[in-house]
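> need a 3D model of the following:
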Amino acid sequence: MILEADPNFRVAKGVEQARSLLSSLFTEPGPKPKLVYGIADIDALERLFVEFSLDFGYPARLAANIHSRCIYTSIKGHRQGRSDERLLRESRFLTPEQLGGCADLTIIGDTVVFMTYDPEVVAQAVTSALVAAQMTAFFTFLWDHAVP
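Residues are numbered from 1 along each chain as shown. All right, here's what the predicted structure looks like:
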C-alpha cells in the first residue's frame, strides 16, 4: 500500500508497491521530464525486480519514451553499454567501493525517489524542486567521475 500523508512525500513498502510508485511517476498526467537520472546497485535490482534482470531498463520509463542517465555498480564489474541505445539510456560505472552504500536513487523531474533494500524494499518519493536540484548536482558530480 502507498501511504500518502503529504502529496509531496510518498512512501511505498514492498517490491510491488515500490514498482507501482515508480511507475506512477512516469504515467501521471502533466509534462514529462526529457531526462531521468538514476544511481543503482544493479545486483540488488536484479534480485528484486525481474524487469531489470531481463534488460536493465525500467518499462514505464521506456513506455513514456523518456531518456535516462544511469550510474550503476555491480560486483560483476562494468557490464552495461551494449543495450544503452535501445533502452534510451547512457550509463556509467562505479565500483561497489566507490558507490558504497548507495542502493537506489532516481530523479524524475522535481521528484526524487530514494529506495533501500535491506531489510525490506522501501521507496520514498520526495517532490521538491530544491531537493531535485541538489540531488541532480550530486548525480552530475558522480557522473563526471564514473567510467563510460
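> from here on, just use CA atoms for contacts and neighbour counts.
Noted.
> shaky segments in this protein?
By pLDDT under 70, the low-scoring segments of the chain are 1-5, 50-57, 79-83.
> what comes up buried for the lengthiest helix in the chain?
Longest helix in the chain by number of residues (criterion: DSSP state H): helix 129-145. Judged by neighbour count using 16 or more other CA atoms under 10 Å, the buried positions of helix 129-145 are 132-133, 135-136, 139, 142-143.
> now the helices: where do they sit in this structure?
Going by DSSP H, the chain shows helices at 15-27, 42-48, 50-55, 59-63, 129-145.
> so which of these comes closest to residue 121?
helix 15-27 (5.9 Å; CA to CA).
> ok, and the closest non-adjacent residue to the residue nearest in space to the middle of the chain?
Closest to where the C-alpha atoms of the chain average out (CA atoms, centre = their mean) is residue 106, at 3.4 Å. In this structure, residue 106 finds its nearest non-sequential neighbour in residue 38, 4.3 Å apart by CA to CA, 6 or more residues apart in numbering.
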